[in-house]
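Participant: Model the following, please.
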Amino acid sequence: MAEMDIKQLVDQVHDLLEADDTHALTALLAEQRTSDIAEIVECLGAEYGYLIFHYLPHEEAAEVFGKINEALRHQLYDLFDNKYLEKLICELDHDDAADILSELPKEDTEKLLEGMEPEESAMIKDLMRYSEDSAGGIMDPVLLSLTANQTVAEAIKVIREHEIDEDFFTVFITDDEGVYLGEVRIRSLISSNPDTPLKNLVEEDVFFVRVDDDQEEIRNIFSKNELIVVPVLDEQNKLVGRITADRIIEVAEEEAAEDIYVMAGTDAIERDLPSVFYAARVRMTWLMPCMVGTGVTACVMLLFQKSFSGVYTVAASFAPMIGAISGNAGLQTSAVVVCGLATGHFAANSLRQVFLRETRVAAIVACCCGTIGGIIYSSLSHVLGHGLPTGVGLLKVSVAFGLSMFMAIIVSTTLGLSLPFLFKKIGIDPAISSGPLVTTANDSISVTIYMLMTLLFMSIN
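Facilitator: Sure, this is the predicted structure:
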């Protein structure tokens, strides 16, 4: 639906709510997709959203509840009573229900689980044991599996008798103990003799994931192999769930958003929480160390002040250029590497292979920026500088600036290249290597290089 249509729809729903026109509002909502209704609820806020939910059938209301942002859900938790929340959560897929319940305080979660059917409650509790970023945290435990000793005729009978909400193209096969053996394609079931045992049709060389596998790795498996569904196994190779492609699309969006927030020096959660104090605290957690870092840069400048003659003022004026250009060059390299690691494109490449490519790119960029920077420095400082040496003296500081630019870019690019690999190896999100902290460190290093190089050239007779 077009943006203008959504705006018109929001206005229409608002007017009907104000007029308390139950019949017209019910009819209008019945014509909308749940994704559009979720957007309407987010636009109108919690109070109107609370009213809208009560005009929806429970199944649709549950879908909308799962699609609205976390901040709005938190506000609606306070408006809905426990009975209504239980009905909504029971209508959700178990993995979605587990995700939503994990947002609540522990005591509220326990109350809601106690009000559910024991079987439903047990499945959701089991999912909540796993990390939300793992295969166990995103899998759907409800699936159809058959044993290897069953025949094709028995398999088709079981499929017909089960109510299956999702489309599927394969059937998972286990032994009598629940250990995963492989899968049988639906087309094989249709085309095979009814008396054929499933063990004769099993494809064993298929993809599967473990409950503790990270969702980013699973996303890469889906992307590279164009999968629709993969089974999830526990430590004993028993089949415990499945992950479908639509869930992986959600994971890809979450991971991309998380990396962007981390690279900016903030937290993806802040967008979904209503508290501005939380957002400010998260951002200040990153900005305070950056202030310390910039303080270090200022100290570096002050330390060199007495070492220069009249050239210091002009040299100091160009320090931000060195810091900005080298920092951005390092950020570009870091972004390329982080993206490659996140999507798995660098998974088959060694650090050495990536290093050889990126350092060549950095060398070209550094040569260009160093040359252009030296020319700019010479031109501007000649026009604007006071007490600046002329002739050979000007040539010295201009060359020093160009070389400093070159060296600072190389150092910054090296950090941008190596830190993502290092962080990934020790279990830290590589996106942090593109954050404000590393950028600030690059500034301090580049300014130090610049001042040392300028001092060195000025001391040459």
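Participant: and stretch 188-201, how far out from the chain's middle?
Facilitator: Centroid displacement of stretch 188-201 relative to its chain, using CA atoms, centre = their mean, to the nearest Å, is 42 Å.
Participant: now Gln32: how far from Leu198?
Facilitator: Counting by CB to CB, to the nearest Å, the separation of Gln32 from Leu198 is 43 Å. (Glycine included, C-beta is placed from N, CA and C.)
Participant: Those two: which has the busier surroundings?
Facilitator: Counted by other CB atoms under 10 Å, Gln32 and Leu198 do not tie: Leu198 has more neighbours, with 24 against 18.
Participant: The more buried one reaches Leu146, doesn't it?
Facilitator: Yes: counting by CB atoms under 8 Å, Leu198 does reach Leu146; the two are 6.0 Å apart.
Participant: any shared contact partners between the two?
Facilitator: 155, 171, 173, 184 (CB atoms under 8 Å, 6 or more residues apart in numbering).
Participant: How many residues are close by the last one?
Facilitator: The burial count assigned to Val184 is 23, neighbours taken as other CB under 10 Å.
Participant: got a pLDDT number for it?
Facilitator: Looking at Val184, its pLDDT is 88.
Participant: Also the first one?
Facilitator: pLDDT, the model's per-residue confidence, is 87 for Ala155.
Participant: try the second one
Facilitator: The per-residue pLDDT reported for Val171 equals 85.
Participant: Would you double-check that it falls in a strand?
Facilitator: Yes: counting by DSSP: H, G, I helix; E, B strand; the rest coil, Val171 is part of a strand.
Participant: residues touching it, list them.
Facilitator: 144-146, 155, 159, 183-184, 186, 189, 198.
Participant: Then Glu235?
Facilitator: 210-211.
Participant: So what's the residue count around Arg33?
Facilitator: Other residues within reach of Arg33 by the criterion other CB under 10 Å amount to 12.
Participant: What segments of the stretch 1-150 of the chain are helices?
Facilitator: 3-19, 22-30, 34-44, 46-53, 58-67, 70-79, 82-91, 94-101, 106-114, 118-128, 135-138 (DSSP state H, counting those that start in this stretch).
Participant: Can you spell out which helices and strands pack onto the last one?
Facilitator: In this structure, helix 135-138 makes packing contacts with helix 94-101, helix 215-225, strand 239-244, judged by 3 or more CB pairs under 8 Å, 6 or more residues apart in numbering; DSSP states H and E.
Participant: how about JSON lines for these, with distance to Asn328 and mean neighbour count added?
Facilitator: Formatted as JSON lines, those follow (distance: least, CB to CB, whole Å; neighbours: other CB atoms under 10 Å):
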{"stretch": "helix 94-101", "distance to Asn328": "37", "mean neighbour count": "22"}
{"stretch": "helix 215-225", "distance to Asn328": "27", "mean neighbour count": "18"}
{"stretch": "strand 239-244", "distance to Asn328": "38", "mean neighbour count": "23"}
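Participant: Select, out of these, the one closest to Leu415.
Facilitator: Nearest to Leu415, of all the helices and strands packed on helix 135-138, is helix 215-225, at 23.0 Å by CB to CB.
Participant: between the closest one and strand 239-244, how many degrees?
Facilitator: Relative orientation of helix 215-225 and strand 239-244, computed by axes from the mean of the first three to the mean of the last three CA atoms, to 10 degrees: 60 degrees.
Participant: Return the distance of helix 215-225 from the chain's centre.
Facilitator: 14 Å.
Participant: helices or strands up against that helix?
Facilitator: Applying 3+ CB pairs under 8 Å, 6+ apart, one finds that helix 215-225 makes contact with helix 135-138, strand 209-210, strand 229-233, helix 245-264, helix 319-343.
Participant: May I see the ones you listed organised as a markdown table, with distance to Glu47, mean pLDDT and mean neighbour count added?
Facilitator: Putting the helices and strands packed on helix 215-225 into a markdown table (distance: least, CB to CB, whole Å; pLDDT from 0 to 100; neighbours: other CB atoms under 10 Å) gives the following:
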| stretch | distance to Glu47 | mean pLDDT | mean neighbour count |
| --- | --- | --- | --- |
| helix 135-138 | 32 | 86 | 24 |
| strand 209-210 | 42 | 92 | 19 |
| strand 229-233 | 40 | 91 | 23 |
| helix 245-264 | 27 | 75 | 16 |
| helix 319-343 | 39 | 76 | 21 |
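Participant: Format the ones you listed as JSON lines; extra columns: distance to Asn220.
Facilitator: Converted to JSON lines, those look like this (distance: least, CB to CB, whole Å):
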{"stretch": "helix 135-138", "distance to Asn220": "13"}
{"stretch": "strand 209-210", "distance to Asn220": "11"}
{"stretch": "strand 229-233", "distance to Asn220": "12"}
{"stretch": "helix 245-264", "distance to Asn220": "10"}
{"stretch": "helix 319-343", "distance to Asn220": "6"}
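Participant: Show me what the strand or helix carrying Met453 is packed up against.
Facilitator: Taking DSSP states H and E as the definition, one finds Met453 inside helix 436-458. Judged by 3+ CB pairs under 8 Å, 6+ apart, helix 436-458 is in contact with helix 276-305, helix 311-317, helix 319-343, helix 392-425.
Participant: 10 Å - rerun?
Facilitator: Helices and strands touching helix 436-458, by 3 or more CB pairs under 10 Å, 6 or more residues apart in numbering; DSSP states H and E, are helix 245-264, helix 276-305, helix 311-317, helix 319-343, helix 392-425.
Participant: Tell me which of the ones you listed lies nearest to Leu9.
Facilitator: Judged by CB to CB, the one of the helices and strands packed on helix 436-458 that comes nearest to Leu9 is helix 245-264, at 23.5 Å.
Participant: For Met123, see how far away the closest residue to Val10 other than its chain neighbours is.
Facilitator: Once flanking residues are discounted, Val10 sits nearest to Cys43: 4.7 Å by CB to CB, 6 or more residues apart in numbering. Distance of Cys43 to Met123, given as CB to CB: 34 Å.
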